[in-house]
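Q: Okay, sequence plus prediction incoming.
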Amino acid sequence: MKTTMIKSSMLLAGLTLIAFLSCSNDKTANADSKTTDMIQGDTTTTASGLKIVFTKKGDGKQAVAGNMVKVHYVGKLTNGTEFDNSIKRGEPIEFPLGQGRVIKGWDEGIAMMKVGDKATLVIPPDLGYGPKDMGSIPPNSTLIFDVELVDVREVAKPVPYNTEGKEIKKTPSGLQYVIVEESKDGEQAYANMIAEVNYTLYLEDGTILDSSIPGGKPMPFQIGSGGVIKGFDEGVRLMSVGDKYRLIIPPNLAYGDQGAGGVVPPNATLIFDIELVSLKRP
């Protein structure tokens, strides 16, 4: 909403559109000579500066933008320091390709692969994290990822709710909402429950910023825990299981004048189409 709403996705307080976060503090790498020692094989360099070396060729489906992909990876700095490893966790990362949910070098590199391919991606700073200090990834680091494309699948596309002719209601906080579909016997949401929601996040101009729909899984969060923006939390508390609402969240109940991660603009009103799928007691 894991990175991928902000902090597991766009809703959550910190932003994980960039999927690979970090863990130590080496000095900024001077990459090229060290990188050469770490990769072997025929290197293809793209116009953007991404380098890719295929270490195994698969014969599966080609990845294309818009697909949901699963990738195993090991991430290293040019000095050999490992900062992330999905294999050790026992679970590949899954994300929609070409949607800005991962660093640019990943979106470009994975789109060159088929299921079963293994490759090494050498990602220059401007396709990675640039001048940002990511903790275990120093500023201006060249990144090396050993990646395996595990799976590619077509995904459903979000369809905006039809709110024509429906009443827009407003709470004292300034949150506006539209009841699109109302359950007759669904359980009412309340604080501390674990809610699972399907959602799509739009800007006012209709631009989609995030959605759970392509992933095929609802997003879980604990109501009232502070894990999502205020307007989202307040809106879900109005709902019962099975309800579908549109939330119109003003900036003061979202990301305010700071915006979020260069993705949500400052002072943006956010529009969420939400379905409350389930509720569980903690």
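A: That came through fine.
Q: domains in the protein, as residue ranges please.
A: The chain breaks down into these domains under automatic domain parsing: 31-153, 169-280.
Q: So which residues of the stretch 1-150 of the chain form helices?
A: 31-38, 86-89, 104-110 (DSSP state H, counting those that start in this stretch).
Q: Compare the mean pLDDT across those and name the weakest.
A: The minimum mean pLDDT among those belongs to helix 31-38 (a mean of 52).
Q: can you map out the helices along the stretch 151-282 of the chain?
A: With DSSP H, counting those that start in this stretch applied, the stretch 151-282 of the chain shows helices at 230-237, listed in chain order.
Q: and of the domains of the chain, who's closest to residue 160?
A: Among the domains of the chain, domain 169-280 comes nearest to residue 160, with 6.4 Å by C-beta to C-beta. For the C-beta atoms, the positions are set from N, CA and C on the backbone; glycine is no exception.
Q: so how far is the closest one from its chain's centroid?
A: The chain centroid and the centroid of domain 169-280 are separated by 16 Å under C-alpha atoms, centre = their mean, to the nearest Å.
Q: and what of stretch 155-166?
A: Mean-position distance between stretch 155-166 and its chain equals 21 Å (C-alpha atoms, centre = their mean).
Q: In PDB, please show the C-alpha coordinates belonging to that stretch.
A: Output of stretch 155-166 as PDB, limited to C-alpha atoms (Å, rounded to 0.1, in the frame of the first residue of the first chain):
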ATOM      1  CA  VAL A 155      -2.800  -8.400 -13.600                       C
ATOM      2  CA  ALA A 156      -6.300  -6.900 -13.200                       C
ATOM      3  CA  LYS A 157      -6.500  -3.100 -13.800                       C
ATOM      4  CA  PRO A 158      -8.200  -0.900 -11.300                       C
ATOM      5  CA  VAL A 159     -11.600   0.500 -12.400                       C
ATOM      6  CA  PRO A 160     -12.800   3.700 -10.700                       C
ATOM      7  CA  TYR A 161     -16.000   3.400  -8.700                       C
ATOM      8  CA  ASN A 162     -19.100   4.900 -10.300                       C
ATOM      9  CA  THR A 163     -20.200   7.600  -7.900                       C
ATOM     10  CA  GLU A 164     -22.600   9.400 -10.200                       C
ATOM     11  CA  GLY A 165     -25.700  10.600  -8.400                       C
ATOM     12  CA  LYS A 166     -24.500   9.500  -5.000                       C
END
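Q: Provide the contact partners of that stretch at residue level.
A: Outside stretch 155-166, the residues that touch it by C-beta atoms under 8 Å, 6 or more residues apart in numbering are 66-68, 96, 178-180, 200, 202, 206, 208, 211, 213-216, 244, 246, 273.
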